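**Student:** Mind looking at a prediction? Sequence and model below.
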Amino acid sequence: MERILKRLTAVILAIAFVISPFSVVNAASKKTIKLSTKKIVLEVGQEKTITLKNARTVDWSTSKKKVAGITDSGADTCTITAKKKGKAKITAICNGKKYVCNVIVKKASVKLDKSAKVKVSKTKTIKLKYNTKKVTWSTDDSKIIRLSKKKKNSVKIKGLKNGTAKVFATIGKKTYVCNVTVGKPYTYKVTPLMAPFNEYFYIETENPDPKSFRLVDRKSKYASTDEDDYDKDSDAGYGFITPVKDSFIDVKYTDAKTLRVKGGYIASGTFTDGGELYVQELITQDSGWGFKTQKVVDKCIKVTCPDVVDYIDYLIQTYTSPANDFFTNVSSIQKALDEIAVYPKGTYDKSKPNTKTPYPFYTAGYYLDQTYLLEHYEDMFDSAGKNFGYWIYPYILDSLGFPSTVARAARRLNPNCIIQRTEAHYIIEITLDGVTKRYGGAGGGGYNPLYSDRVNPNLFSFEGGAEDFATGLTIQRMQGLLKEYSKYSWEDEQYYYDLLQGNTFKEKTKGGTWIRIYGNAYAYVTSSKFRYSDDVNVYSVGDVWVDGRYILNNHAFVKGETFDKHPDADIIVRGMTYTNYDKEEKTGDVHFYYDKTSDTWRATDEYGYHGDYKVDPETGYMKFVYDENYELPDEFVLTRDEVLAMNIDGNRDVDPPSGLIYDGTAFPGTPF
């Protein structure tokens, strides 16, 4: 019975629809009818389509045809065209009811064609729309295009030769730019300069403007990484290859102004892994706020680049194995860096002396844990410029970069490892599963400067051949060159080295002396002699009291420090007369070291060789045997009371009255 009633109901509804089809329309008409917008703002010449939603038949009208005209209308849509500055109302009537949209028409903004293409010897007109004022037309390259028939709303250009140029329309203080291409589209070929690294590339192209393009890598594994050494910005997820803006002293340029090498440009890579790249045009334009902005336009030109890796993946792929455990792989990377890492080195020009520091000089150490003064030769001369040989090599690592590289490699091998700094800035601790090991160091070769006369200015010539480092460059070949550079820098610095560390320095400072170092600071240098050798050990002191002044660990005198702040620091007594282990009377510096066990300061005569060399019966070789019965003489022991009686911090605010100059302002060793 229930089934029969359902069928009967369906039949009745069908009959009702046939008898009165408008019943469905009436049901639809119950939906809310409204305009898609009640207010629009247009510039003269612009169009906008509005809709009367849920309406079937609509009559459209405008209150001011000269301001806002209706150019097209349908059952429920209306296209409005802005014709003249002013206000108008667009009215829609449906079922006797009015719906109104208010239209505001503003004066049209000046617009210049963004780009144009023209063939050589052909002409084309560039339009400047909606301008009513005086305009000044110009171009940045009159060798590429010629301008003629300059009007308020247009200018004619003629292509002179293949290339790109810009057309400028200046109205008052505002300038509009049109980018013009003359001739065929440019081609681009990308080659890694030192495969497989992703840092520097050679882009072969006819494009004469390196600032007008870049290559984008939309699918790079490096750009999407979560590692903390990658920056996230508006282009996150992309990699780029962009012509460099720096000039290098060892690169041969065919155009020094644009940094063009033979056939193209040197480019730097950012987060790319190679593969498919796309050319993007970079258009510099005036923001209207006193600064320039850059617009990026995709050129839809695909370029293929060999697959490349970053310097961390290279270490992992080359020196580790999935079969090894974590610490074995990290140790392999440490060992590899010990071999291939190079310390950064500046390149300087001997023909350009620095007027502020024309002589070699010392500065205090950069870090508190350093145990020596830092000698400086590079600051004696002006920089010769950037050496591409050092920039292209991926493992130029100082004492901070070296451990950081190991840390990054470790995180990629196992993100769960924990990286911690230690008391030494060049050492890190890596912990995994309760096991901790230490790694670190610095690149080899030292930081002695390289002088420009040792550098081949045409090393990267891009001309091909065995002598050209831009062709088939490998990490091994580049490493070999950098080792030569280290050899040259060492040879060149022997003269300066002697003035600061060699025999000349030892002769001037032996016996102990204050020295004035760079930055109007002071350090203290003393010496000692090994009992069984003629060698004199000259060294600067740190964490020590000398002449009532405290010298910090970085070896610089610090004013204002009191003894209660450094009660365990060493003490140097100057000009002390004493008897050494060989019963010889000596006069000079005596270095007292703090002994925590006895709370005294104890000195050793001639470095504490209290004993003698004897033949070892087991090996047959000479062996030093300490004299266990030797007791340190009283003169080599200072009690705390004796130290306090010395007025140990009495000169804490007073500069040393005399010494030798090593601050670069005078010949090293000149008295002050």
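**Tutor:** Looks like it arrived, so ask away.

**Student:** what ranges do the strands span in the stretch 451-600 of the chain?
**Tutor:** Under the criterion DSSP state E, counting those that start in this stretch, the stretch 451-600 of the chain contains strands at 513-517, 521-529, 536-540, 544-546, 549-551, 570-579, 585-595, 600-603.

**Student:** Export those as TSV, with columns for distance to Ala323 and mean pLDDT.
**Tutor:** Where you see a C-beta, it was placed from the backbone N, CA and C, and this is true even at glycine. TSV is the format used below for these (distance: least, CB to CB, whole Å; pLDDT from 0 to 100):
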stretch	distance to Ala323	mean pLDDT
strand 513-517	53	97
strand 521-529	52	90
strand 536-540	48	86
strand 544-546	52	97
strand 549-551	52	97
strand 570-579	51	91
strand 585-595	50	89
strand 600-603	54	88
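
**Student:** could these go into JSON lines alongside mean neighbour count?
**Tutor:** Formatted as JSON lines, the strands of the stretch 451-600 of the chain follow (neighbours: other CB atoms under 10 Å):
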{"stretch": "strand 513-517", "mean neighbour count": "23"}
{"stretch": "strand 521-529", "mean neighbour count": "21"}
{"stretch": "strand 536-540", "mean neighbour count": "17"}
{"stretch": "strand 544-546", "mean neighbour count": "24"}
{"stretch": "strand 549-551", "mean neighbour count": "24"}
{"stretch": "strand 570-579", "mean neighbour count": "15"}
{"stretch": "strand 585-595", "mean neighbour count": "16"}
{"stretch": "strand 600-603", "mean neighbour count": "20"}
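
**Student:** so can I have TSV of those showing distance to Lys219?
**Tutor:** Output for the strands of the stretch 451-600 of the chain, formatted as TSV (distance: least, CB to CB, whole Å):
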stretch	distance to Lys219
strand 513-517	54
strand 521-529	54
strand 536-540	55
strand 544-546	60
strand 549-551	57
strand 570-579	61
strand 585-595	62
strand 600-603	67
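
**Student:** Please report how far Ala195 lies from Tyr202.
**Tutor:** 11 Å (CB to CB, to the nearest Å).

**Student:** The two: which is more packed in?
**Tutor:** Taking other CB atoms under 10 Å, Ala195 and Tyr202 do not tie; Tyr202 has more neighbours (20 against 17).

**Student:** can you pull the pLDDT of the more buried one?
**Tutor:** As predicted, Tyr202 sits at a pLDDT of 98.

**Student:** hang on, it is in a strand, isn't it?
**Tutor:** Yes. Under DSSP: H, G, I helix; E, B strand; the rest coil, Tyr202 falls within a strand.

**Student:** From what I see, it and Phe469 are in contact.
**Tutor:** No. Using CB atoms under 8 Å, Tyr202 makes no contact with Phe469, being 11.5 Å away.

**Student:** Mutual contacts of those two, please.
**Tutor:** Common neighbours of Tyr202 and Phe469 (criterion: CB atoms under 8 Å, 6 or more residues apart in numbering): none identified.

**Student:** Quick one: distance of stretch 355-365 to the chain centre.
**Tutor:** Centroid separation between stretch 355-365 and its chain, computed with CA atoms, centre = their mean, to the nearest Å, is 27 Å.

**Student:** dump the residue contacts of Pro344.
**Tutor:** Here Pro344 is in contact with 390, 396-398, 443, 447 (criterion: CB under 8 Å, 6+ apart).

**Student:** Now render the residues you listed as a markdown table, adding secondary structure.
**Tutor:** Output for the contacts of Pro344, formatted as a markdown table (three-state DSSP):
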| residue | secondary structure |
| --- | --- |
| Tyr390 | helix |
| Ile396 | strand |
| Leu397 | coil |
| Asp398 | coil |
| Gly443 | coil |
| Tyr447 | coil |
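
**Student:** Buried ones among these?
**Tutor:** With neighbours counted using 16 or more other CB atoms under 10 Å, those contain these buried positions: 390, 396-397, 443, 447.

**Student:** So which of the residues you listed is the closest to Lys483?
**Tutor:** Nearest to Lys483 among those, counting by CB to CB, is Gly443 at 11.6 Å.

**Student:** any idea which element Ile333 lies in?
**Tutor:** Using DSSP states H and E, Ile333 maps to helix 326-340.

**Student:** Show me what counts as buried in that helix.
**Tutor:** Buried residues in helix 326-340 (16+ other CB under 10 Å): 326-327, 329-334, 336-337, 340.

**Student:** Could you list every helix and strand in contact with that helix?
**Tutor:** helix 311-319, helix 401-413, strand 427-432, strand 435-440 (3 or more CB pairs under 8 Å, 6 or more residues apart in numbering; DSSP states H and E).

**Student:** could you dump the longest one to CSV, C-alpha only?
**Tutor:** Right, helix 401-413. These are the backbone C-alpha positions of helix 401-413, laid out as CSV (Å, rounded to 0.1, in the frame of the first residue of the first chain):
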residue,chain,number,x,y,z
GLY,A,401,83.9,27.6,8.8
PHE,A,402,85.7,24.3,9.2
PRO,A,403,83.7,23.0,12.2
SER,A,404,80.5,24.5,10.8
THR,A,405,81.0,22.4,7.6
VAL,A,406,81.5,19.2,9.6
ALA,A,407,78.3,20.1,11.6
ARG,A,408,76.2,20.6,8.5
ALA,A,409,77.4,17.3,7.0
ALA,A,410,76.7,15.5,10.3
ARG,A,411,73.1,16.9,10.4
ARG,A,412,72.5,15.7,6.9
LEU,A,413,73.8,12.3,7.7
